[in-house]
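Enquirer: Give me a model of this one.
(2 chains)
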Amino acid sequence: MKILLVDDSKTMRNIQKGILTQLGYTEVQEACDGLDALSKVGAFTPDLLLVDWNMPNMDGLTFVKQFRAKGSKAPIIMVTTEAEKSRVVEAIKAGVNNYVVKPFTPDGLGERIKETLARVAAA
Amino acid sequence: MAGDVDPSLMQDFLTEAGELIEQLDADLVRLEQEKDTAKQQEMLNSVFRALHTVKGAASFLGLEEVIRFAHAAEDALNRLRKGEVAVTQRVMDSLLRSVDVLRGQIDSLNNNEPVEQCPDDLLKALRAITTGESQSADDGGQSTTADSQPQVQGAQSTEPEPIQSNARPLKLPAQKQDLVEFMVADLNDAGAQIDQCLEQARSAGTRTDAAEHMVELADSMGKTADFFELPDLTQLIAAFGGAAAKLADTPDVLLDDMLVRMAAVRELARQQAEALDKGLVLSWPTQTLIDRLNSLAQGQKLDDAVAGKHSQCVEGVLALDGVVAAQPTAPSNNQPQVKQDTSDAAGASGSTDPGDAGDGNDNNAKNPGASSAKAGTTVAEQTIRVEVGRLESLLNLVGQLVLTKNRFLGMTRKMRDLHLPHETLEDMAQAAGELDRLTGNLQVGVMRTRMQPLAKLFDRYPRVIRDMARMTEKKLNLELVGKDTEVDKSVLELLADPLVHILRNSADHGVESPQKRIAAGKSETGTIRLSAEHQGSHVRVEVYDDGKGLDRDVLGRKAIEKGLTTQDELATLSDDEVFRFIFAAGFSTAEKVSDLSGRGVGMDVVRTNIAKLNGVVNVSSVKGEGTTIEILIPLTVAIMPAMVVGVGMHLYAVPLQSIIEIVRPEAASVHSVSGQPVMRLRDAVLPLLDMRSRLGEIGPENGNRFAVVVGVGQQRVGLLVDKLIGQQEVVIKPLDDEYTTGGPFSGATIREDGDVSLILDVVQLIRTAGTGQEKAAA
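Expert: Modelled structure (predicted):
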C-alpha cells in the first residue's frame, strides 16, 4: 500500500506519517505542494493520496484536477479544516474520493482510509 | 501541556512555526501597503495559509493556548479574505499584535516556559473583527439559505408520490453526510446549466459548444455522485457524458432520441437531489435507459419499436425505457417547476460560500501556477533541513583541510630543491595544483551551504519601519534592494541587530516629520533604502535615508561634551571622522529619549557587532539631503585571505581585505611628526607603526623594511614589517578573550609549516596608533 502525503507543512506530514505508521502503512512518500506531488506520482504511483488543500505553488484542488486529468484513478483523501468544508464540493467535483477534517485522530484517519479503499475495491 | 509529544515533532513544529511567523509578519505589512486588490487577495491567502498551518500543527500537538489564539486570529483573517472587512490600520494593528503574541508563545515553547495566554483585549479586538463588523454579511448569508429552504420543501410537496416508493434512507459516513446539502445545491446548479445546454444542442450552430460544456458538467457531476456513493446516478451520468461527447457527430435522425434521453437523466438527477435533501436515496431500473443512450452514442439506431416513441417528453422516455411505470398522471408542470427550482438554487449557491470561495481559489491557483510554471524548479525548492552543528563541523573540517593543503603545497615547493627526477616533481606539482583547486571548490561549496539570503533579515524590517511610522507619525517608505544577496549564517545573525538600530535611527532621527519635509520642499513621505550587494569577497549593506542629514556642529559639540575630542582636535577632523562619533558608546544627540531610539546604546552595538565580523562602517551625510551608512563585511568569518608578514622572529597574518597597498619606504621619505614616524606617500602623509616595537619582537634589524598600508574607513596606517612571505588563505581560530585583550590580534591560524601565526587586528592597531599619538602629544 503506497501512500503519498501532500502537505506544505513538514510538521503535518510527520504527524500524518506517524499516524499512518501506527495504522500499519509504511510505504509513505511526501510531497510539499501540488507541483512536487505531480512530479512524484509518476514514479511512485501511489495507491492512495492524502492531499492538503492550502498549499503554496499549487494548491490541493489544482493538484487533484491535474492528477485526474492525467487519467489517474488512485483514490484521494482531501485533508481540510472545518472552515474549508463548504469548499470541499469543489474538490469532490474535481475527483476527490473522501475527505478528513483536521485535526483528526489516528482512528478517524484510519476509518477514512478504510472507507475509501473499501469503496475503491467494491467499484 | 504537551508533555507526551514526541520532542522531535515538537522541534519541527517550533522551527516551522518560527519561519511561518516571520512570513506572516512580512506579508501583513506588505498587505497593508498593497493597493491592488488582486495582490491583496493573494497575500491574504498566503497569510491565512501560514496561520492556518501553525494552528493545524498546534492542534495535533495539543498546544491549547496557541490553538485558541491562532483560531481567533484566523477567524478575523478569514473575514478579510472574503472581503467582508476592509484592511484598515486598526485591523492591521490587531493582526500584527497577534503575530507578536504568537511569536511570544512559540518562543516560550522553545524555552520550555509556560505559554502565555493571549491578552484579553486583543482577543476581544479579534472577535470584534470576526463578529461585529461582519454581522450584516453573516445575516445575509443565512437568510439566503433560509429563503431557499422552504421553496425546496414547497416543491417537494407537489412531487408525484409513486417515485418516492423506491426511496431508501441515505446512509453515508458522517463526514460525507455533512456535505450533502452542498451537493444538492451543486447538482441543481449543474442541472440548470444542462437545461440550457440541451436547449442549445437543438440548433446545429451551438451544438458543439453545448456538448462540450455538458461533457465537463457530467464529469464533475459523476465525480460528485461517486463521492456520495450513488452508483445509479454515477452510471446514469457516465452514460449522459458519453452521449454528450458524441452529440456533435450524431446524425440528425438519432438526435431526438438522444436529447430526450439526456433530458431524462437530468430529470432523474433532479429527483435524486431532492430526495437527498430529505435524507433519502432513490433507485430506479435504469439499465435500459443507459443501454439505449450508449448505443445512440455509438451511432446505432434504436429498434423501430422504440425509436421516436418517446412522445417528445421526459415522462414518455422514462416510461418507455422502463425507469418508471407508465403513469397517466405524470405531471406536465414538471418542466417549469424544475426551472424555478434550479434558478433559486443557482442564486443561493452564487451568493454563498462555495461559489465565492471557489472563484477566489481558482484565481489564487492560477497566479502562482503561472509564475511557478516559468520558474519551475526554483519555486518547488528541494531542501533538507540540516542541523547547524553539522555544517559547523563540516566547515571546521574543511578549514583543517585547507591548512593541510597549505602544508602540502609548502612541501612540494621545498621538494624542488631536492634534485628529484623531473617527472616526479612534475607529477607532484600537478597533484598539488589539483588538490589546491578541489579544496578551493570544496571550501566554496561548504561555505555556500551556510549562506542564507539577506531576505531573512530584510523581510523583518518593513514591520519595524511600519511601527516606527505609526509611533512617530511620520510617513515612511522602506525600499529593499538586493535581498537575494547571500551571506554566511553567522554574518546574518550578527547583522540583525545593527541593522535594526540603524533603521530606527534613520526613521527616528533622520527622516523629518511630514510638515518639516514639506517645508523643506521634499515629498511628504520619507524614503529609507536598505540595499545589499556583493563587492568582491565582501558584502556591502547600505542604509540610506533622505532625511535631514547629520549636523557636524551638533555632533562636534556633543563629542566635546562627552570628552571624545577637544575643540582643537575637532577642527582638524574631517566630516566623516566627526560623523563616526555617532558610533561611540552613550552618544546620543536626541533631546529626549524616545521609546524607539536615542538612548545612545544602539549605534554602539552597530560598531561592536560589525567589528566582530571584521567589517567596516562608514557614514556619509549631506546636511538637509540625507545620510548613508555603509557596512562592508567579509562574506565569511571563518576563512579569509591574508598576507603573511614577518616581524622579528615571527610570522603574522594581516587580513588582505584591509590592505590597501604595500610600499617600501625610502629612508629619505620617513620623517617624525611629534614623535610619530610618518612617511610621505605620494601627496599624503602616512603615519607609520613600527611593528617590532608594537609587538615586542626582537631580532636582527633588517634595513629593508616594508610598509603594509592598511586602512579602515578613511584612516590609513603603514605597518612596518621585516619580511613579506606571501598571500594565503588562513583559517581563523578564535582566541580566548583573555589572551587577546589589549593585544592587537583577532585570532590565530595554522600555517603551512604547521606553526601558529597570530592574525593582526587592523582596527585595533589603527586605534592604538591614534591613542599613541595622543599620549605622545600629552
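Enquirer: quick one: contacts for whichever residue of chain A sits closest to chain B?
Expert: Residue nearest to chain B within chain A (Cβ to the nearest Cβ): A:Lys93, separated by 3.6 Å. Heads up, the C-betas are built off the backbone N, CA and C, glycines and all. For A:Lys93, the contacting residues are B:Asp186, B:Ser220, B:Met221, B:Lys223, B:Thr224, by Cβ atoms under 8 Å, 6 or more residues apart in numbering or on different chains.
Enquirer: If we ignore the residues flanking it in sequence, what's nearest B:Asp186?
Expert: Spatial nearest neighbour of B:Asp186, excluding adjacent residues (Cβ to Cβ, 6 or more residues apart in numbering or on different chains): A:Val89 at 5.3 Å.
Enquirer: and the one you found, how many neighbours?
Expert: Per other Cβ atoms under 10 Å in any protein chain shown, the neighbour tally for A:Val89 reads 27.
Enquirer: For the most centrally placed residue in chain A, give me the backbone phi and psi.
Expert: Centrality entry for chain A: nearest residue to the mean C-alpha point is A:Leu50, 1.5 Å, by Cα atoms, centre = their mean. Main-chain torsions, A:Leu50, degrees, to the nearest 10: phi -110, psi 120.
Enquirer: list the contacts for it?
Expert: Contacts for A:Leu50 (Cβ under 8 Å, 6+ apart) come out as A:Ile3, A:Leu4, A:Leu5, A:Val6, A:Asp7, A:Gln16, A:Ile77, A:Val79, A:Val100.
Enquirer: Dump those into a markdown table; add distance to B:Val260 and neighbour count as well.
Expert: Listed next are the contacts of A:Leu50 as a markdown table, based on distance: Cβ to Cβ, whole Å; neighbours: other Cβ atoms under 10 Å in any protein chain shown:
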| residue | distance to B:Val260 | neighbour count |
| --- | --- | --- |
| A:Ile3 | 46 | 23 |
| A:Leu4 | 44 | 24 |
| A:Leu5 | 47 | 24 |
| A:Val6 | 44 | 32 |
| A:Asp7 | 48 | 28 |
| A:Gln16 | 49 | 26 |
| A:Ile77 | 39 | 21 |
| A:Val79 | 43 | 24 |
| A:Val100 | 42 | 20 |
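Enquirer: Name the SS class of the closest residue to B:Ser513 other than its chain neighbours, please.
Expert: Nearest non-adjacent residue to B:Ser513, counting by Cβ to Cβ, 6+ apart: B:Lys474, 5.8 Å away. Going by DSSP: H, G, I helix; E, B strand; the rest coil, the secondary structure assigned to B:Lys474 is coil.
Enquirer: Show me which residues of the stretch 101-250 of chain B are close to chain A?
Expert: B:173, B:175-176, B:178-179, B:182-183, B:186, B:220-221, B:223-224, B:226-227, B:229 (Cβ under 8 Å from any Cβ of the partner chain).
Enquirer: now with 7 Å?
Expert: Residues of the stretch 101-250 of chain B lying near chain A by Cβ under 7 Å from any Cβ of the partner chain: B:Pro173, B:Gln175, B:Asp178, B:Leu179, B:Phe182, B:Met183, B:Asp186, B:Ser220, B:Lys223, B:Thr224, B:Phe227, B:Glu229.
Enquirer: Spit out the contact partners of the fourth one.
Expert: Under the criterion of Cβ atoms under 7 Å, 6 or more residues apart in numbering or on different chains, the contact partners of B:Leu179 comprise A:Val88, A:Val89.
Enquirer: repeat that for 6 Å
Expert: Residues near B:Leu179 by Cβ atoms under 6 Å, 6 or more residues apart in numbering or on different chains: A:Val88.
Enquirer: Alright, I will stop here.
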